[in-house]
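>>> all I have is the shape, not the residue letters:
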């Protein structure tokens with residue numbers, strides 16, 4: 001009972017203190033600054049050795065980052081006009097990240113790239129204590145929680161956590177939503193849900209783990225009794241998609257198509273098909289496509305492990321957020337997987353069961369992160 005308030009009853013949710021000790025903040029600061037130093041350093045030397053001589057921020061502004069810069073500097077397109085065929089527009093990129101980055105850029109009177117990088121790094125910094133708190137909430141022990149912080153800081157695809165991408169914001173919001181959902185603080189989940197669905201369209205899929213956690217906490221019969229706490233859950237489920245719906249209304253008024261963010265994906269060669277067909281096509285095509293198909297298999301293995309551990313909410317979210325992109329192609333599958341809290345949770349649970357694996361996992365993860373960082377800053381398309 002030492003971690004719980006005295007007012008909580010026997011059936012109250014487990015709510016350990018959200019306060020962090022001084023040594024926790026030392027861990028978080030060390031993980032943050034060492035990972036920034038390592039990744040920006042690898043990016044700098046990667047461009048010095050293999051690519052153009054540019055600064056570390058500019059080196060990490062590849063692919064999606066350029067689109068966010070255009071949104072900040074010119075707003076959303078009125079018609080498709082980008083890429084070699086002139087059939088691409090920036091409608092595929094959700095608005096919250098460029099709004100925040102653009103506001104900071106204007107406030108500080110700096111370039112849009114600086115705003116993008118500042119927001120990304122601040123969001124990632126916030127995700128580190130959230131990871132620590134989430135793992136403590138799951139009662140996995142202090143050693144496992146601290147390992148989770150290091151794994152997040154040096155995850156294999158952490159190049160996306162130092163670049164102008166939505167991954168850091170998406171991770172921070174997802175961790176916060178799971179934390180408060182575990183604690184059954186639904187109004188906080190609802191508030192955060194608006195932002196996650198405005199950060200990435202897949203953020204709307206958080207309705208499923210939230211519903212599963214609520215059903216596990218209360219049982220489905222209570223939802224038919226319309227109790228106060230189940231009404232809060234229903235309100236939360238309705239509110240989470242609000243960020244996406246607001247963007248859809250904006251697109252409808254701008255270009256006459258509320259689903260323009262989805263329809264414009266054809267410009268990048270994304271067409272709806274069976275996820276199994278896309279996965280098999282990777283082995284048929286070979287090269288980087290085969291690598292992507294192998295990574296999909298690795299993701300499936302982690303997903304199955306989550307299900308085997310009866311982490312139904314986390315496993316369901318991982319399955320949805322990996323399957324929907326795979327229905328339109330193999331590109332970016334590794335970053336989609338490792339930009340999810342459930343993916344990292346699966347690895348953390350494995351090492352919780354076998355703690356001796358932790359040093360090897362961190363070493364391997366750091367080596368892969370260095371390789372991906374060098375490839376990313378040199379615009380190699382297998383990192384897309």
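In hand now; what should we look at? Since we're looking at a predicted model, the values are computed, not measured.

>>> okay, now the nearest residue to residue 187 once chain neighbours are set aside: neighbour count?
Closest residue in space to residue 187, ignoring its immediate chain neighbours: residue 232 at 6.5 Å, by Cβ to Cβ, 6 or more residues apart in numbering. In short, each C-beta sits where N, CA and C put it, glycine included. The number of residues packed near residue 232 is 17, by other Cβ atoms under 10 Å.

>>> do the same with residue 173
What residue 173 shows, counting by other Cβ under 10 Å, is a neighbour count of 28.

>>> can you name the helix or strand that it falls in?
helix 167-182 (DSSP states H and E).

>>> which elements pack onto that helix?
Applying 3 or more Cβ pairs under 8 Å, 6 or more residues apart in numbering; DSSP states H and E, we find helix 167-182 packed against helix 112-137, helix 186-199, helix 207-218, helix 312-326, helix 341-353.

>>> tell me the angle it makes with helix 112-137.
Inter-element angle recorded for helix 167-182 and helix 112-137: 30 degrees (by axes from the mean of the first three to the mean of the last three Cα atoms, to 10 degrees).

>>> columns distance to residue 377, mean neighbour count and mean pLDDT on top of the helices and strands packed on helix 167-182, output as TSV?
Shown next, in TSV, are the helices and strands packed on helix 167-182 (distance: least, Cβ to Cβ, whole Å; neighbours: other Cβ atoms under 10 Å; pLDDT from 0 to 100):
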stretch	distance to residue 377	mean neighbour count	mean pLDDT
helix 112-137	13	22	98
helix 186-199	24	22	98
helix 207-218	34	19	97
helix 312-326	23	21	98
helix 341-353	23	22	97
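
>>> possible to save these as JSON lines with distance to residue 378?
Shown next, in JSON lines, are the helices and strands packed on helix 167-182 (distance: least, Cβ to Cβ, whole Å):
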{"stretch": "helix 112-137", "distance to residue 378": "18"}
{"stretch": "helix 186-199", "distance to residue 378": "27"}
{"stretch": "helix 207-218", "distance to residue 378": "36"}
{"stretch": "helix 312-326", "distance to residue 378": "24"}
{"stretch": "helix 341-353", "distance to residue 378": "25"}
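
>>> what angle sits between the helix holding residue 173 and helix 312-326?
150 degrees.

>>> quick check: angle from helix 167-182 to helix 341-353?
Going by the same axes, to 10 degrees, helix 167-182 makes 70 degrees with helix 341-353.

>>> closest one to residue 63 among the helices and strands packed on helix 167-182?
Smallest distance to residue 63 across the helices and strands packed on helix 167-182 (Cβ to Cβ): 12.7 Å, for helix 112-137.

>>> what's the helix or strand just after the closest one packed up against?
Counting by DSSP H and E, the element after helix 112-137 in chain order, helix or strand, is helix 142-153. Of the remaining helices and strands, those touching helix 142-153 by 3+ Cβ pairs under 8 Å, 6+ apart are helix 22-50, helix 112-137, helix 341-353, helix 358-377.

>>> who's in contact with the shortest one?
It refers to helix 341-353. 131, 134-135, 140-141, 144, 147-148, 151-152, 155, 171, 174-175, 178, 299, 302-303, 305-306, 309, 311, 314-315, 317-318, 337-338, 357-358, 361 (Cβ atoms under 8 Å, 6 or more residues apart in numbering).

>>> name only those of those residues that count as buried.
131, 134-135, 140, 144, 147-148, 151-152, 155, 171, 174-175, 178, 299, 302-303, 305-306, 309, 311, 314-315, 317-318, 337-338, 358, 361 (16 or more other Cβ atoms under 10 Å).

>>> one step back: gap between the helix holding residue 173 and the chain center?
Relative to its chain's centre, helix 167-182 lies at 8 Å (Cα atoms, centre = their mean, to the nearest Å).

>>> now that helix: mean pLDDT?
Here helix 167-182 scores 98 as its mean pLDDT.

>>> how far off helix 142-153 does that helix point, in degrees?
150 degrees.

>>> hang on, the earlier thing: mind checking which of the helices and strands packed on helix 142-153 is nearest residue 203?
Checking these against residue 203 by Cβ to Cβ gives helix 341-353 as the closest, at 12.3 Å.

>>> dump the residue contacts of residue 149.
27-28, 31, 128, 131-132.

>>> now for the residues you listed: which two are most distant?
27 and 131 (10.8 Å).

>>> tell me which helix or strand of the chain sits lowest on mean pLDDT?
helix 56-59 (a mean of 84; mean pLDDT, DSSP states H and E).

>>> what does that one rub up against?
So helix 56-59 is contacted by 40-41, 43-44, 46-47, 51, 113-114, 117, 377 (Cβ under 8 Å, 6+ apart).

>>> can you list these in a markdown table and add distance to residue 255?
Formatted as a markdown table, these follow (distance: Cβ to Cβ, whole Å):
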| residue | distance to residue 255 |
| --- | --- |
| 40 | 37 |
| 41 | 42 |
| 43 | 36 |
| 44 | 40 |
| 46 | 38 |
| 47 | 37 |
| 51 | 36 |
| 113 | 26 |
| 114 | 30 |
| 117 | 29 |
| 377 | 33 |
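
>>> so which of the residues you listed comes closest to residue 80?
residue 113 (24.1 Å).

>>> could you check how far the closest one is from residue 69?
Relative to residue 69, residue 113 is positioned 6 Å away (Cβ to Cβ, to the nearest Å).

>>> next, show the common contact partners of those two.
Counting by Cβ under 8 Å, 6+ apart, the common neighbours of residue 113 and residue 69 are 61, 164.
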